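Undergrad: okay, predicted coordinates and the sequence, questions at the end:
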Amino acid sequence: MISRLSPFHSFFCLFLLSLILFSCSSESKELTPLEKYVKTPTEDFSYEIKDTLSGDKWKAYHVKMYSGKWLDESQVDQPLWWHWVDIIIPESVDHETAMLFVGGGTNKDEKFLLDSTAVGFALKTNSVIAHVSNVPFQPINYLDVEQKEFYEDDLIAYGWDKFLRSGADDSSLYWLARFPMTRAVVRAMDVIQEINLSEKSTINSFFVAGASKRGWTTWTTAAVDKRVVGISPIVIDMLNVIPNFDHHYQCYGEFSPAVQDYVNYKIVDWMDSKEYEKLIAEVEPYSFKEKFTMPKFIINAASDEFFVTDSWQFYWNDLPGEKHLRYVPNAGHSLEGTYQLENLASFYYRFINDLDQPKWNWKINNDTIFVNINQGQEYKIAKWEVNNSKERDFRIYKIGKTWQKTEIETNDQGYYAIPVSSNEGYTAALVEVVFDYESDNPLILSTGTLVTPNKYPFEKYQPEKNLGTK
């Protein structure tokens, strides 16, 4: 079954085009370049249902979607991006909100990417669960260099370099891979809605989740599409990137090998330039943080190889609306072996059923973590702590899985002042709370991470030559 442009989608595209071309000038000015890019229909969009699967009380679709072209045949070997959109529809759909996972993978993948866990979750929530793969579309070959097969950060950083060196003006925005990455997720939502209509179920909104670069794209998708009513960005602890990465370097005395692609292209040498400011204004979520009023569940790794464990301090307090946080102890960027998907599932279950999320607040002041939990809630509370006697560095390959847990006795008031002692070197600590721990949907949340002593072992990064315009 092929849908090159169904009547529904043709109407939808014409409707969007009319909004863009004929809206009043004041509304047009309000659209960011990313919004304009995503909202502009392209003749390259199409999809094809490659397979259907079914089981006890569920049906699934394996869909090949072409989201549109990025660059052209003179610049890359494969300008037309395609993705697998996998959709699980339970027999009984009780909600008009679907969960959409933004995934990676490559253009060499063929298999259905949602497993029995996703099927079980769709049945438990009576909601549609979907996944879009190959974000970004990879590998690709840039035709003006000898290197073959660009993936992930290498693919993105190459485009950043082109954008910065081209003057960083609006005519060069097409080099930013975040634009087609975001468009791919938006088009996936279109496909999910249309296929659900064929199944006589209506999807009007989405809870979007993704990890790493897909976590970044979760933010940008929420910024451009009002169908996104909840998000869970995972292991993308980099918002407010300029002070965030100043902090990164002053903690490590280097840029982590995990971000080496950006160092290779000397992106870090542009950080004090007007060109870099333009780049950040177009694609960095903190630049349009006022748009993130929907509920947010931010999941970070406490020992991430990419980001410093207390990076929350550069953005958390500035995010509007409902927000929840979890730092996962003893976890690197992959969250391998430690992260429980059930925790995100619990949050989504509460969200989609309009159940109350935990009510509590926290703050960090000097070497103390203060926690205040509203009365009437069932919970357990613990402190996680780790020490590095030599460095202000808690990356997983530096300290291993050495975070230690100490249970804290609960009290009737729900107020806790939890000191963190400065030992030799540096100590990191966070407080974790497990809400409704005896229920079918326990939820683990945490404070941000405190590091003590709060002093830098290294000076701010100074490039040999500052690139760009001051």
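TA: Great, that's in hand.
Undergrad: from here on, contacts and neighbour counts on C-alpha atoms
TA: Will do.
Undergrad: outside of the helix or strand hosting residue 342, which residues touch it?
TA: Secondary structure from DSSP states H and E places residue 342 in helix 341-352. Outside helix 341-352, the residues within contact range by C-alpha atoms under 8 Å, 6 or more residues apart in numbering are 95, 97, 121, 125, 207, 297, 356, 357, 441, 442, 443, 444.
Undergrad: after it, next one along is what?
TA: Next along the chain after helix 341-352, taking DSSP H and E as the criterion, comes strand 360-365.
Undergrad: just give me the neighbour total for residue 162.
TA: Residues within reach of residue 162, counting by other C-alpha atoms under 10 Å, total 17.
Undergrad: got phi/psi on the residue nearest to it when sequence neighbours are not counted?
TA: Spatial nearest neighbour of residue 162, chain neighbours left out: residue 175 (6.5 Å); criterion: C-alpha to C-alpha, 6 or more residues apart in numbering. The phi/psi pair for residue 175 (degrees, to the nearest 10) reads phi -80, psi -10.
Undergrad: residue contacts, residue 175?
TA: Residue 175 is in contact with 71, 159, 160, 162, 163, counting by C-alpha under 8 Å, 6+ apart.
Undergrad: mind checking pLDDT for it?
TA: Listed pLDDT for residue 175 reads 98.
Undergrad: which non-adjacent residue is nearest residue 80?
TA: residue 69 (4.2 Å).
Undergrad: from the middle of its chain, how far away would the helix holding residue 342 be?
TA: Relative to its chain's centre, helix 341-352 lies at 16 Å (C-alpha atoms, centre = their mean, to the nearest Å).
Undergrad: quick one: average pLDDT of that helix?
TA: For helix 341-352, the mean per-residue pLDDT is 94.
Undergrad: is residue 426 in contact with residue 394, as I believe?
TA: No - counting by C-alpha atoms under 8 Å, residue 426 does not reach residue 394; the two are 9.1 Å apart.
Undergrad: what is in contact with those two at once?
TA: residue 388.
Undergrad: next, count neighbours for residue 269.
TA: Residue 269, neighbours per other C-alpha under 10 Å, totals 19.
Undergrad: which residues touch it?
TA: 463, 465, 466, 467.
Undergrad: now for the first one, how many residues are close by?
TA: Around residue 463 there are 12 other residues, counting by other C-alpha under 10 Å.
Undergrad: find the nearest non-adjacent residue to it, please.
TA: Per C-alpha to C-alpha, 6+ apart, closest to residue 463 is residue 269, 5.7 Å.
Undergrad: quick revisit: quick one: buried ones out of the contacts of residue 269?
TA: residue 467 (16 or more other C-alpha atoms under 10 Å).
Undergrad: the contacts of residue 269 in strands, which ones?
TA: Per DSSP state E, strands hold no members of the contacts of residue 269.
Undergrad: among the contacts of residue 269, which are in helices?
TA: Of the contacts of residue 269, none are assigned to helices by DSSP state H.
Undergrad: widest-spaced pair of the contacts of residue 269?
TA: Using C-alpha to C-alpha, the contacts of residue 269 span at most 8.7 Å, a distance reached by 463 and 467.
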